[in-house]
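>>> Curious how this folds, go ahead:
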Amino acid sequence: MDQRGADHDLRAEAETEFQPILTDDTRYRLGTALRSLYEETCDTQPIPDSQIDLLLRLRHKERDRLRAG
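Residues are numbered from 1 along each chain as shown. A predicted model of the protein is given here:
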């Protein structure tokens, strides 16, 4: 096995060996903090035109498939 493969195997082993265990309370607190941060930053910003165009194209495709099926 080459050096890169050996390094990858060691990293994969280390990642599975030392994954943190999160309690329910910790997960709840992290989730609450992330939602709060998201709401303060992303939810207050307008949706860019490129994203609106993408959503409209997806909606049109969805409607076309419903009509065909």
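>>> Report the mean confidence score over stretch 23-31.
Throughout stretch 23-31, pLDDT has a mean value of 92.
>>> elements contacting the strand or helix carrying residue 27?
In this assignment (DSSP states H and E), residue 27 forms part of helix 24-41. Contact here means 3 or more Cβ pairs under 8 Å, 6 or more residues apart in numbering; DSSP states H and E; on that basis helix 24-41 packs against no helix or strand. (Glycine included, C-beta is placed from N, CA and C.)
>>> Alpha carbons of that helix, as CSV, please.
What follows is helix 24-41, C-alpha atoms only, in CSV (Å, rounded to 0.1, in the frame of the first residue of the first chain):
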residue,chain,number,x,y,z
ASP,A,24,-29.2,14.7,24.4
ASP,A,25,-28.7,18.0,26.3
THR,A,26,-25.6,18.8,24.3
ARG,A,27,-27.3,18.1,21.0
TYR,A,28,-30.3,20.2,22.0
ARG,A,29,-28.1,23.1,23.0
LEU,A,30,-26.0,22.9,19.8
GLY,A,31,-29.2,22.7,17.7
THR,A,32,-30.7,25.7,19.5
ALA,A,33,-27.4,27.7,19.0
LEU,A,34,-27.1,26.8,15.3
ARG,A,35,-30.8,27.6,14.6
SER,A,36,-30.4,31.0,16.4
LEU,A,37,-27.3,31.8,14.4
TYR,A,38,-29.0,30.7,11.1
GLU,A,39,-32.1,32.8,11.9
GLU,A,40,-30.0,35.9,12.6
THR,A,41,-27.9,35.7,9.5
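>>> immediately after that helix, which helix or strand?
Helices and strands here follow DSSP H and E; after helix 24-41, the next one along the chain is helix 49-68.
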